[in-house]
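Asks: Coordinates for the following, if possible.
(4 chains)
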Number of protein chains: 2
Amino acid sequence: MSADIQTAPTLRDDETLDDTTAGGSSTLHDNLLAGLRAMFMASELPDGSRIPEAELCQRFGVSRTPLREALKVMAAEGFVILRPNRGAIVAPIDPEEVGPLYEFKGALERLIGLTAAERATDEEIAALEVLHLQLNEALSASRHDDYTHLNYRFHRGLAQATRNPLLIQNYETVQQRIWRYRFLVNEHDRRLQQSFAEHERILTALKARTPLDLAERLESHSRLTGQAMLAVVASRKLETASENANKRRAPARRSPNPIDTEQA
Amino acid sequence: MSADIQTAPTLRDDETLDDTTAGGSSTLHDNLLAGLRAMFMASELPDGSRIPEAELCQRFGVSRTPLREALKVMAAEGFVILRPNRGAIVAPIDPEEVGPLYEFKGALERLIGLTAAERATDEEIAALEVLHLQLNEALSASRHDDYTHLNYRFHRGLAQATRNPLLIQNYETVQQRIWRYRFLVNEHDRRLQQSFAEHERILTALKARTPLDLAERLESHSRLTGQAMLAVVASRKLETASENANKRRAPARRSPNPIDTEQA
DNA sequence: TACTGCTATTTTGCATTCAAAATCTCGCTA
DNA sequence: TAGCGAGATTTTGAATGCAAAATAGCAGTA
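Replies: Now for the predicted structure:
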């Protein structure tokens, strides 16, 4: 009866940590939720766009009932906005939410640092080191997209090392919400170099298992990234302020203009 | 067209801060969600008990569809556990989750302290002072239940002063999840006295608008409460460990045995 | 041509229905 | 009497149906 023991205590790559359905036997609803989340992570749906129930039903091959259930959950998590009688839309990209998002994330990072330093297993630390090496490779090769993905996994791994399910879940959600704004900072080499240097120190603190130190470095890392994003948002805002004098209904769309401000 | 301006900037008492449906026109689903949350706050459903869809449908006068939608959301928030094909149950009281819950809450408290100290309006501070006075009255009169409710509102008010919607929402959820465990500490006068003293210092720091100080006091206040609960949990566990040698399926039910350990 | 108001179509919210799964009932056997 | 199993009943998960709301289309007017 016992499942095979080959479940190594390393960082799993993709998983839908949905603690809501005990047992794990997949209901249609849960698969849908996973599928939708994947779509969001892949940025398949343009932000602000209406979510056509019918279309998605087709795509996933289900009826409207389970789809709508999934959308309600996504709405509760902030990825979707439900307008009564007017359909669901992908939560619009809103520069205003970057601040609160990072402020909140900072608090979680700190807790992650405090607890992961003490609770991470040696295996987990080793796995994080591997990720760190891959991060370095991606950076050297200027594979920015890889870097971003690896970075995501690195921080998720750290969160998981805390053993606090509530923290893990909430951190994951925040990460996913921030994911949509990554274009604000992604392609910029300078910030990436800096970010990697911060990771270096993070890993050091983790290996030293010094909670306060790790907490401080994680929080700071997050804050710096957030500030970099906000700087872009701010410049973007100034830039579009004049343009939008005539053209209504144009909420700061993405364009290749990431970061070139000082980061401190 | 403009609604009346009489919406004073004080702390509102009861509200269902559900940012998920923009606009605010109530859908059945949302009312349901509010109703269910109210039921949970009122502890109307015994923990671990099955949630009879049919019954609740009757009670709320709706069909199963919107009810199930609401349950999915509650499940995502951790109040309900969905067992595929076997119905939903009220998330069982689990002493194991008190630790993670408070650990997480601590991180939020800290952020609340840091930000509320700077962002609270004078009106909000005044409103919190009023609550504080009422808290005092309740304590003096040994109206413990009132105290607990006022305490809930006090901390919610503080959270709202941060102006961070994400923080406000998550804090509210955590508060609600902890609410179910309040019996572990509630009726005990000693902890209440201590708690009130801590509030005194919190309010002082808030009025002085000293972020680090307020953060430290809030975090500490939360930690102490959490520790008090955990102490009860621990003693409860010891106590029932022997009893449960024979009687299976008895997950530490409530009984009048709150706190008498040192709190520090 | 730009705007208003009316009708047709689509989309949404919810109720109902239906098949599959789980639970219960009760007789049978050891 | 305790344990087991086949069938009936209940409950769940999901599809479908239906009324209300919103949207689109279009004719008429200024």
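Asks: Helices of the stretch 101-250 of chain A, residue ranges please.
Replies: Counting by DSSP state H, counting those that start in this stretch, the segments of the stretch 101-250 of chain A that form helices are A:122-140, A:144-160, A:165-179, A:189-208, A:211-243.
Asks: any chance of those in TSV, plus distance to chain B?
Replies: (Glycine included, C-beta is placed from N, CA and C.) Converted to TSV, these look like this (distance: least, Cβ to the nearest Cβ, whole Å):
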stretch	distance to chain B
helix A:122-140	18
helix A:144-160	12
helix A:165-179	5
helix A:189-208	18
helix A:211-243	10
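Asks: With distance to B:H149 as added columns, please give those helices in CSV.
Replies: Formatted as CSV, the helices of the stretch 101-250 of chain A follow (distance: least, Cβ to Cβ, whole Å):
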stretch, distance to B:H149
helix A:122-140, 42
helix A:144-160, 34
helix A:165-179, 24
helix A:189-208, 42
helix A:211-243, 34
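Asks: which one of the ones you listed lies closest to A:L32?
Replies: With respect to A:L32, and counting by Cβ to Cβ, the nearest of these is helix A:165-179 at 16.2 Å.
Asks: contacting residues for A:R64?
Replies: When contacts are counted by Cβ atoms under 8 Å, 6 or more residues apart in numbering or on different chains, A:R64 touches A:53-54, A:57.
Asks: I'd like to know how many residues surround the closest residue to A:R163 other than its chain neighbours.
Replies: For A:R163, the nearest residue in space outside its immediate sequence neighbours is A:R119; the separation is 5.1 Å by Cβ to Cβ, 6 or more residues apart in numbering or on different chains. One way to gauge burial is a neighbour count; for A:R119, by other Cβ atoms under 10 Å in any protein chain shown, it gives 14.
Asks: do A:G87 as well
Replies: A:G87 sits with 13 neighbouring residues when counted by other Cβ under 10 Å.
Asks: what about the nearest residue to it once chain neighbours are set aside, how many residues close to it?
Replies: Nearest residue to A:G87 in three dimensions, chain neighbours excluded: A:R50, at 5.4 Å (Cβ to Cβ, 6+ apart). The local packing of A:R50 (other Cβ under 10 Å) involves 14 other residues.
Asks: gap between A:R50 and A:R83?
Replies: Relative to A:R83, A:R50 is positioned 9 Å away (Cβ to Cβ, to the nearest Å).
Asks: Can you pull the residues that touch both of these two?
Replies: Taking Cβ under 8 Å, 6+ apart as the contact rule, A:R50 and A:R83 both touch A:I89.
Asks: re earlier: would you tell me which of the helices of the stretch 101-250 of chain A gets closest to DNA strand C?
Replies: Shortest separation from DNA strand C across the helices of the stretch 101-250 of chain A is recorded for helix A:165-179, at 22.4 Å, computed as Cβ to the nearest atom of the strand.
Asks: how far is that closest one from where the chain is centred?
Replies: 7 Å (Cα atoms, centre = their mean, to the nearest Å).
Asks: what sits up against stretch A:53-62?
Replies: Where contact means Cβ under 8 Å, 6+ apart, the residues beyond stretch A:53-62 that reach it are A:28, A:32, A:35-36, A:63-64, A:67-68, A:87-88.
Asks: May I ask which two of those are separated the most?
Replies: In the contacts of stretch A:53-62, two members sit farther apart than any others by Cβ to Cβ. They are A:L28 and A:G87, at 21.5 Å.
Asks: one step back: out of the contacts of stretch A:53-62, which are inside strands?
Replies: Filtering the contacts of stretch A:53-62 for membership in strands, criterion DSSP state E, returns A:87-88.
Asks: Just the buried residues of the contacts of stretch A:53-62.
Replies: With neighbours counted using 16 or more other Cβ atoms under 10 Å in any protein chain shown, these contain these buried positions: A:28, A:32, A:35-36, A:67-68, A:88.
Asks: pretty sure the residue nearest to A:G87 contacts A:I89?
Replies: Yes - judged on Cβ atoms under 8 Å, A:R50 makes contact with A:I89 at a distance of 5.3 Å.
Asks: Which phi and psi values does whatever residue of the stretch 51-200 of chain A ends up closest to DNA strand D adopt?
Replies: Nearest residue of the stretch 51-200 of chain A to DNA strand D: A:S63, at 2.8 Å (Cβ to the nearest atom of the strand). With angles defined as degrees, to the nearest 10, A:S63 shows backbone torsions of phi -90, psi 180.
Asks: And for it, nearest residue in space, chain neighbours not counted?
Replies: If the residues on either side of it in the chain are set aside, A:S63 comes closest to A:C57, at 6.2 Å by Cβ to Cβ, 6+ apart.
Asks: again, but for A:L45
Replies: If the residues on either side of it in the chain are set aside, A:L45 comes closest to A:V90, at 4.7 Å by Cβ to Cβ, 6+ apart.
Asks: what does chain A put close to DNA strand D?
Replies: A:27-29, A:61-66, A:85-86 (Cβ under 7 Å from any atom of the strand).
Asks: Which single one of those is nearest to B:S142?
Replies: Looking at the residues of chain A next to DNA strand D and their distance to B:S142, the nearest is A:H29, at 47.2 Å (Cβ to Cβ).
Asks: For that closest one, give me its contacts.
Replies: If a contact means Cβ under 8 Å, 6+ apart, then A:H29 has A:66, A:69-70, B:72 as its contacts.
Asks: Of those, just say which sits nearest to B:H132.
Replies: Compare each of these with B:H132 using Cβ to Cβ and the shortest gap goes to B:K72, at 38.5 Å.
Asks: Look up how far B:L192 lies from the closest one.
Replies: Using Cβ to Cβ, which is the criterion applied here, B:K72 is 37 Å from B:L192.
Asks: Of those two, which one has the most company?
Replies: Higher neighbour count among B:K72 and B:L192: B:K72, with 25 against 21, using other Cβ under 10 Å.
Asks: wait, that one sits on A:E69?
Replies: Yes - the pair B:K72 and A:E69 qualifies as a contact (Cβ under 8 Å) at a distance of 4.9 Å.
Asks: Which residue lies closest in space to the residue in chain A positioned nearest to DNA strand D, excluding its sequence neighbours?
Replies: Residue of chain A nearest DNA strand D, by Cβ to the nearest atom of the strand: A:L28 (2.3 Å). Taking Cβ to Cβ, 6+ apart as the measure, A:L28 lies nearest to A:P66, with 4.8 Å between them; neighbours along the chain are not counted.
Asks: what's around that neighbour, how many residues?
Replies: Using other Cβ under 10 Å, the number of residues around A:P66 comes to 20.
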